[in-house]
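# curious how this folds, go ahead:
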Amino acid sequence: MNYRTLLLSFALAASLTLSGCGAAVVGGAAYSGYKGAADERSIGSIVDDSVISSTVKTKMIADDFVKARHIDVDVLNGVVFLIGVVESSSQKRMAADIARGVEGVRRVENQLIIGKTSTGQLLNDTILTSKIKAGLIKEPGVRSNNIDVDTNNNVITLTGIVKSQKEKNKVLYVVQKIAGNRQIVDNLGVGN
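Numbers count the residues shown, from 1 in each chain. Here you go, the predicted structure:
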């Protein structure tokens, strides 16, 4: 294995761990192989997006002002989606500026919510996210591994790439059924 391949593998593993998919690294090759085979992006795009995500997260964690604890960074084909909760509009702007400064970023979709999250709200959001993920796993014709579900202050954000409009419609139907009248942000792309 050459140095570049080793570095890219490390970046991918770090990205999965930092994005809350740490358990996915355990048993690594089987999960990564499936995800790579099921994802509509090329392996090169997946690796590039993982490197961008890791770099953005690392820079945000190093920034004392942004306080990146409650920021999720999803990247699809060079487009960075910032999802989560920050305390001020200044933090929201700074997070976007940090992301824009990373090499390979084509565009930043700043979907950060300004506010605070109580421990009770965090627990409610986690439970709702789990219910949605379980609902997507059970739904035939939905490749749930390709869909990231984030819930922040009752706002549900779906990010990923699905194979067809039919699959996207199924995903949105399942999520709406579970979410009730909560807001759903749709960052789902169809195909490449």
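# please make it C-alpha for all contacts and neighbour counts, starting now.
Noted.
# now the spatially most central residue of the chain: phi and psi?
By CA atoms, centre = their mean, the chain has its centre lying nearest to D74, at 3.5 Å. For D74, the backbone dihedrals are phi -110, psi 140 (criterion: degrees, to the nearest 10).
# can you tell me how far it is from Q121?
22 Å (CA to CA, to the nearest Å).
# all helices of this protein, in order?
3-18, 22-25, 28-38, 43-62, 89-100, 119-138, 165-179 (DSSP state H).
# state the mean pLDDT of the third one.
Helix 28-38 shows a mean pLDDT of 37 in the predicted model.
# same deal with the fourth one?
Here the mean pLDDT over helix 43-62 is 87, rounded to a whole number.
# for it, packing partners?
With contacts taken as 3 or more CA pairs under 8 Å, 6 or more residues apart in numbering; DSSP states H and E, helix 43-62 sits against helix 3-18, strand 71-76, helix 89-100.
# re earlier: okay but the residue nearest to the centre of the chain is in contact with F81, surely?
Yes: applying CA atoms under 8 Å, one finds D74 in contact with F81, separated by 5.1 Å.
# what's the domain layout of the protein?
Annotated domains of the chain cover 3-114, 119-190 [automatic domain parsing].
# by mean pLDDT, show me the worst of the ones you listed.
Among those, domain 3-114 scores lowest, at a mean of 74.
# what's the neighbour count on G180?
Here the number of neighbours of G180 (other CA atoms under 10 Å) works out to 9.
# residue contacts, I184?
155-158, 176 (CA atoms under 8 Å, 6 or more residues apart in numbering).
# okay, I113 and A62: tell me how far apart.
21 Å.
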